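Novice: build me a structure from this.
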Amino acid sequence: FAEADFSPDAWRRLSGRTETSFATRSLSVVTPSATELRAVIDWMPKQRLNSVLIGHDGNPTRARAMIPELDRRGIRLEIGGHILPRWLPRDLFASHPEYFRFHNGARRPDGNFCTSHANTLRILREHAVRFAREVPEANIFHLWADDVEGGSWCACDLCRPRSGAEQLLTAINAVADALQTERPGATVDFVLYHDTLQAPAHAQPRPNIFAFFAPRERCYAHGIGDDACPHNAWYAARLRAARECFGDRLAVFEYYGDLILWRCLGIAIPATILADLAWYRSLGVDEIQALHFGQFSNWAYPLNLYTFARAAWETGLDGDTVTQQFCHARFGAHAANIREAYSLFEQASRNTLAYDGYDHTAFDIRDGPAHPAEFARQHLRLVERAAEQMETALAKMPDTDHRAVCGDRLLFQFNRDNLRALAAQMRGRQHEAAGTAAPMQAEYDVAISLLQDLQTRLRDVPRVYTGDWGAIAPGQLRMIAELLHSAKQGRRQRDW
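Specialist: The predicted structure is shown next:
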């Protein structure tokens, strides 16, 4: 992996290799542990991954500390995250409230900013130059807006006619102009995510801006290009529209290793990943990235990450073959029994993640809608079936002290009971929608009790499996329990 050979064309012509499907095959690694980060970086070139986004906090010191590790392996550095709002210092609000967003009749210092004010854009350009100078090794910049449901954009008289996407592009165009002068050849992303999924209709991106498609709330039981899934069809249309706006400057960010999206549920969806990457490539996407939470993702989503790496190099692989190879590599002599268990794990995952009957406003697996009522009831039956499938998968696990088998046994036990909690929550949600208070409270009590037990059990899983996120992830389960407590009291509140 000599640095001189690090170019898309060189990777495509590696001697004795198949031609790579995606020129850039990247991970976005979010972990507080430098040790785990180094381990992921070490694993990446062994799986033909060649680019990494380190964290989502835009920490230049941490990124630069990894430069020797990246250079040794020919891995490209990307940097950034949800940092754009931080570039407008909040202490300016007292003297210049006009730089900040207008909401509900007043200027506010939280959220995003007013992109109609020239000084706001000037400050963003200045910060972009300073940020680039802090990391001279980086040429790929990810500059994302505030990460909140529904967005936090400006509604002043000048901004109100423009969508969130158009406001974001105004800011990113300004930053791109500054970077073009400071670092010719560098690129910056425009993230299609939440309220900016729809490509801007009335503004043009600068040539050094690429679209970064992040379809977080899509259906993961089906490939994103599967026309039979109306939920995914809405997201697929957003990427097609982005191609009209950005041309071939397209990259995709996927959530195959995301403990937050799935609220600590283990998930195995190799068939979806293979279908996704084949469809993305057919659309002209040449850069693909997956989210990775360090060792926790290695424990909860190992087949996903393995499949992603394989398919990022070569789309068109056979799913059964990939899973079989994964089992042999991970479990050795126990592969045959584990393969049966993983088949059930895959079925349970697809059942749990079936969102094809919800519209695109369905936001979170742990706060799913109760409507359409018929589909919500069908989805509940699928989740109940998934819990049964995890119980059967456990029975297939061999009795051995093999480290990977022991880790998966813990994961499957945790998953079974997490799915039972989800099913109770979904039953309670249906009673809540129907206005039947007593059964709602009874079901929510069952879910809360399971969630409390799961928090303790997750903390007790050895860190060799869950890593540093093992101490943080139980907070995801606590948030769900708090949501259900508020719903029981008639004041459903969710701030996540």
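
Novice: grab the nearest non-local neighbour of residue 397.
Specialist: Spatial nearest neighbour of residue 397, chain neighbours left out: residue 409 (5.1 Å); criterion: CB to CB, 6 or more residues apart in numbering. C-beta coordinates here come from the backbone N, C-alpha and C atoms, glycine included.

Novice: helix or strand: which one has the one you found?
Specialist: helix 403-434 (DSSP states H and E).

Novice: tell me which helix or strand residue 109 sits in.
Specialist: Element membership of residue 109 [criterion: DSSP H and E] is strand 106-113.

Novice: can you list contacts of that strand?
Specialist: 84-85, 88, 90, 93, 97-103, 120, 145-146, 148, 151-154, 167-168, 171 (CB atoms under 8 Å, 6 or more residues apart in numbering).

Novice: tally of neighbours for residue 431?
Specialist: Using other CB atoms under 10 Å, residue 431 has 18 neighbouring residues.

Novice: and for residue 176?
Specialist: Look at residue 176: counted by other CB under 10 Å, it has 24 neighbours.

Novice: residues in contact with it?
Specialist: By CB under 8 Å, 6+ apart, the contact set of residue 176 is 188, 205-206, 208-209.

Novice: ok, residue 67 next?
Specialist: Shown in contact with residue 67 (CB under 8 Å, 6+ apart): 77, 137.

Novice: ignoring the adjacent residues along the chain, who's closest to residue 285?
Specialist: Leaving aside its sequence neighbours, residue 285 sits nearest to residue 250 (CB to CB, 6+ apart; 4.8 Å).

Novice: re the thing from before, can you list which of the contacts of residue 176 are found in strands?
Specialist: 188, 209 (DSSP state E).

Novice: ok, of the contacts of residue 176, which one's closest to residue 328?
Specialist: Within the contacts of residue 176, proximity to residue 328 (CB to CB) peaks at residue 188, which comes in at 41.9 Å.

Novice: the closest one reaches residue 172, doesn't it?
Specialist: Yes: shown here, residue 188 and residue 172 form a contact pair, counting by CB atoms under 8 Å, at 6.2 Å.

Novice: which residues do these two both contact?
Specialist: Here residue 188 and residue 172 have 143, 209 as joint contacts, going by CB under 8 Å, 6+ apart.

Novice: out of the two, which sits in the more crowded spot?
Specialist: More crowded of residue 188 and residue 172, by other CB under 10 Å: residue 172, with 28 against 25.

Novice: pLDDT weak spots in the stretch 101-250 of the chain?
Specialist: Applying pLDDT under 70 to the stretch 101-250 of the chain flags residues 150.

Novice: just to revisit the earlier point, and the residue nearest to residue 285, how far from residue 238?
Specialist: Taking CB to CB, to the nearest Å as the measure, residue 250 falls 12 Å from residue 238.

Novice: with residue 356 instead?
Specialist: With distances taken as CB to CB, residue 356 is found 17 Å from residue 238.

Novice: let me know how buried the residue nearest to residue 285 is, in neighbour terms.
Specialist: A count of nearby residues for residue 250, using other CB under 10 Å, gives 22.
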